[in-house]
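# here is a sequence with its predicted model. Questions after.
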Amino acid sequence: MKRFLWLIRRELWEHRAFIYVPLIAGALMVTVSVLFSAEIIAALELAHDKITTLSEEERAAISSALIGQFAVAIALFMSFVVLMYLLDCLHAERVDRSILFWKSLPVSDASTVLSKLAMAMVVAPSIVLASALIFGLLQMIVLTVDFAAAGLSPWEYLWGPSPFLATIAFLVYAVVVQALWHFPLFAWLLLVSAFAKRGVFLWAVLPPVAVIWLEKVIFDSHWFADQIAERIIGVFPLAFDIGGGGHQIVFSDEDTEIELTARLSELINPGPFLTSPGLWIGLVVGALLIAAAIWVRRYRDESI
Amino acid sequence: MAALIEARGLCKRYGATAALDNTSFSIEPGRIVGLIGPNGAGKTTALKAILGLTPFEGDLSVLGRDPRRERHDLMQEVCFIADVAVLPRWIKVNQVLDLVEGVHPRFKKDKAMQFLSRTDIPLTARVKTLSKGMVTQLHLALVMAIDARLLVLDEPTIGLDIIYRKEFYASLLNDYFDAERTILVTTHQVEEIQNVLTDLLFINRGRIVLDCSMEEVAERYTEILVGPDQVDEARALEPIYEQDTFGRKVLLFEGVGRAELERFGEARRPSISDLFVAKVKGGRA
């Protein structure tokens, strides 16, 4: 285990984007809200009467969304970092021949590949979570000043109603569910990275595209394309109780309508997720692809 | 004592060419063995087989283990430097020290630090900012601080200037090598290591063409310099190789008594490079 943590540390040394991309994304969002403090204060003053008449639930919904928006934005940036990382990590070491150094250490190929998988499935989600919370809290501190300046009590309207624990529970659940659902995609990227001599991106994309095209030509159907789309975005309807239960709070203006949830934890709905064949088939396929990636790294003879 | 490496009938093909062609050899502990051969002779393939980096056919035991199945365990007691510049370029010197200490149970960091303190390598520098010679020094510092039984070096000094090359082998001999350890080295720069080696393994076209210790080389092989008038007489003793120098001929004999040859003039032990050319050309003829 101690050794495995060293492998993780080594990945973070090499791929600093895992740290600085969330930091930059979060810092930018907070900076924007600092820069626009005057506008925010003006808007708060304008909406003063509306805010003071909001129900407890409505206030909770707004403050949950504050942290939630950081999680969504940072997770989006992080998914690009993870994508690039997975395609690169077993390929670059062959290009610069440093694989010969890594292989001179008493570290099995399985631990090496699993350490890279752990970066995508454990480390990246943890960093997203931590940075969403840190920047969400920073944002609330900034807004505390804004609320006070607008003559609204920050405690009563911002901090007091905020369901922190519910939000954290929701975010933890969301990143775990997402990582499990995306596991076969991660595993596919790792296999391509271990296998392709060059053009890792094309290797990652073209085979699935070819399958989709062949299926279209031969059977005139789009089952595989549906599977891929489902795999990329399909976890949300499956794992979250969206639109059911009536926890949604609708804020409507003349031309916009925003639906928010007071307590995000109420969206957690693991039943359909855990019982869906898609999850379990995905885990099996992912495990096979990871085994293949380990095998390729172990027995592939040529460092390019 | 049992052999440290025991290879029997190794075979490995790349397409139509055989990199290892029924190759057999064994290496005893406490030796410094030079594995020498022309390009494409199978040197690197043999090393890769020993290190478990490539699949092959035949029987191979390294430290009593099969490198195909027990690579991970083997790497605790085997170190290798596969030519220069395989250290990851992004890593910092202190990071690589920490990392190897973290994952290698037989690595002594203070020993590596001690070696590095004699160099100009800054601990906070990244590998990519170091000169080629410094990268080799760093790699050597890492390897020398690992208490391993077998050290495999594949062209460890290629592309380095002469000062670094001399230092490299001097450090290896003075600070690392002892009776418990074995070093297996391939190199093109044969002259530089001939005083370092205890054993020779010549490989050509996947086959071992010479396998003997340096003492045996001195016993078995003799070189003499003869004038044109004596060439025919000397040739009657069947030299395995001859070459011209300044109107005279250098003849190399295998298994011919020194006393018999000394009547032609001074008899001496051939250089490894001459012996190598003789053996490899002989194999080609």
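Done, it's in.
# B:Val185 in helix, strand or coil?
strand (DSSP: H, G, I helix; E, B strand; the rest coil).
# tally of neighbours for it?
23 (other C-beta atoms under 10 Å in any protein chain shown). Backbone N, C-alpha and C define where each C-beta goes, glycine included.
# OK, contacts around the residue nearest to it when sequence neighbours are not counted?
Spatial nearest neighbour of B:Val185, excluding adjacent residues (C-beta to C-beta, 6 or more residues apart in numbering or on different chains): B:Leu153 at 4.2 Å. B:Leu153 sits next to B:80-81, B:183-187 when contact means C-beta atoms under 8 Å, 6 or more residues apart in numbering or on different chains.
# got TSV for the residues you listed, with pLDDT too?
Listed next are these as TSV, based on pLDDT from 0 to 100:
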residue	pLDDT
B:Phe80	88
B:Ile81	86
B:Ile183	92
B:Leu184	93
B:Val185	91
B:Thr186	88
B:Thr187	81
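# pick the one among the residues you listed closest to chain A.
Closest approach to chain A among these (C-beta to the nearest C-beta): B:Phe80, at 5.0 Å.
# state whether the closest one is indeed within a helix.
No: counting by three-state DSSP, one finds B:Phe80 to be strand, located in no helix.
# so what's it bridging to?
B:Val152 (DSSP bridges).
# next one: it from B:Gly52, what distance?
11 Å (C-beta to C-beta, to the nearest Å).
# cool, B:Ser117 as well?
34 Å.
# for A:Phe4, same thing?
Remark: distance between A:Phe4 and B:Gly52 (C-beta to C-beta) = 21 Å.
# between these two, which one's more packed in?
In this view A:Phe4 and B:Gly52 are compared by other C-beta under 10 Å, and B:Gly52 has more residues nearby, 25 against 15.
# quick check, pLDDT for that one.
Looking at B:Gly52, its pLDDT is 89.
# ok, now which ones touch it?
B:Gly52 neighbours (C-beta under 8 Å, 6+ apart): B:67-68, B:70-71, B:74.
# now, the most widely separated pair of those residues?
B:Arg68 and B:Leu74 (10.0 Å; C-beta to C-beta).
# is B:Cys11 in a helix, a strand, or coil?
Relying on three-state DSSP, one would call B:Cys11 strand.
# from B:Ile240, how far out is it?
Distance from B:Cys11 to B:Ile240, by C-beta to C-beta: 28 Å.
# A:Pro277 too?
If you go by C-beta to C-beta, the gap between A:Pro277 and B:Ile240 works out to 73 Å.
# those two - which one has more neighbours?
For A:Pro277 and B:Ile240, the more surrounded residue by other C-beta under 10 Å is B:Ile240, and the numbers stand at 16 against 7.
# does the spatially closest residue to B:Asp120 that is not a sequence neighbour belong to a helix or a strand, and which?
For B:Asp120, ignoring the flanking residues on the chain, the nearest one in space by C-beta to C-beta, 6+ apart is B:Met134 at 7.2 Å. Secondary structure assignment for B:Met134, by DSSP states H and E: helix B:132-144.
# around chain A, pick out the residues from chain B.
With C-beta under 8 Å from any C-beta of the partner chain as the criterion, chain B meets chain A at residues B:48, B:51, B:53-55, B:71-73, B:75-76, B:79-82, B:85-92, B:95, B:99-100, B:102-105, B:139.
# taking those one by one, which sit in helices?
Among the residues of chain B next to chain A, the members falling in helices (DSSP state H) are B:48, B:71-73, B:95, B:99-100, B:102-103, B:139.
# quick one: which of the residues you listed is nearest B:Asp110?
The closest of these to B:Asp110 turns out to be B:Val100 (C-beta to C-beta; 12.7 Å).
# ok, the residue nearest to the closest one when sequence neighbours are not counted - how many residues close by?
Excluding the flanking residues, the one nearest B:Val100 by C-beta to C-beta, 6+ apart is B:Phe107, at 5.0 Å. B:Phe107 is flanked by 22 other residues according to other C-beta under 10 Å.
# I'd say B:Phe107 and B:Ile146 touch.
Yes: under the criterion of C-beta atoms under 8 Å, B:Phe107 makes contact with B:Ile146 at 5.0 Å.
# tell me, what's touching the two both at once?
Common contact partners of B:Phe107 and B:Ile146 (C-beta under 8 Å, 6+ apart): B:Val100.
# buried ones in the longest helix seen in chain A?
Assignment by DSSP H gives helix A:56-95 as the longest helix of chain A. Residues of helix A:56-95 classed as buried: A:57-68, A:70-71, A:73-75, A:77-79, A:81-83, A:85-94 (neighbour count, 16 or more other C-beta atoms under 10 Å in any protein chain shown).
# same question for stretch B:150-168.
B:150-158, B:160, B:164-165, B:167-168.
# what's the answer for stretch B:206-218, then?
Buried residues in stretch B:206-218, defined by neighbour count with 16+ other C-beta under 10 Å: B:206-212, B:214, B:217.
# any idea which of these is the one closest to chain A?
Looking across the buried residues of stretch B:206-218 and measuring by C-beta to the nearest C-beta, the closest to chain A is B:Gly206, at 15.6 Å.
# and the closest residue to the closest one other than its chain neighbours, which of the three is it?
Setting aside the residues directly before and after it, B:Gly206 is nearest to B:Asp21 in space (C-beta to C-beta, 6+ apart), at 3.5 Å. At B:Asp21 the chain is in strand, as set by three-state DSSP.
# list the contacts of stretch A:67-82.
A:15, A:17-18, A:21-22, A:25-26, A:29, A:119-120, A:124, A:127-129, A:131-133, A:135-137, A:139-140, A:167, A:170-171, A:174-175, A:178, A:186, A:264.
# among those, which are in helices?
Filtering the contacts of stretch A:67-82 for helices - DSSP H - leaves A:17-18, A:21-22, A:25-26, A:29, A:124, A:127-129, A:131-133, A:135-137, A:139-140, A:167, A:170-171, A:174-175, A:178, A:186.
# on that earlier part again, how about a markdown table for the contacts of B:Leu153, with distance to A:Arg300 added?
Formatted as a markdown table, these follow (distance: C-beta to C-beta, whole Å):
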| residue | distance to A:Arg300 |
| --- | --- |
| B:Phe80 | 17 |
| B:Ile81 | 21 |
| B:Ile183 | 27 |
| B:Leu184 | 23 |
| B:Val185 | 25 |
| B:Thr186 | 22 |
| B:Thr187 | 26 |
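# mind listing the residues bridging to the spatially closest residue to A:Ile62 that is not a sequence neighbour?
Among residues not flanking A:Ile62 along the chain, A:Leu260 sits closest, at 6.7 Å (C-beta to C-beta, 6+ apart). Bridge pairing for A:Leu260 (DSSP bridges) gives the partners A:Ile249.
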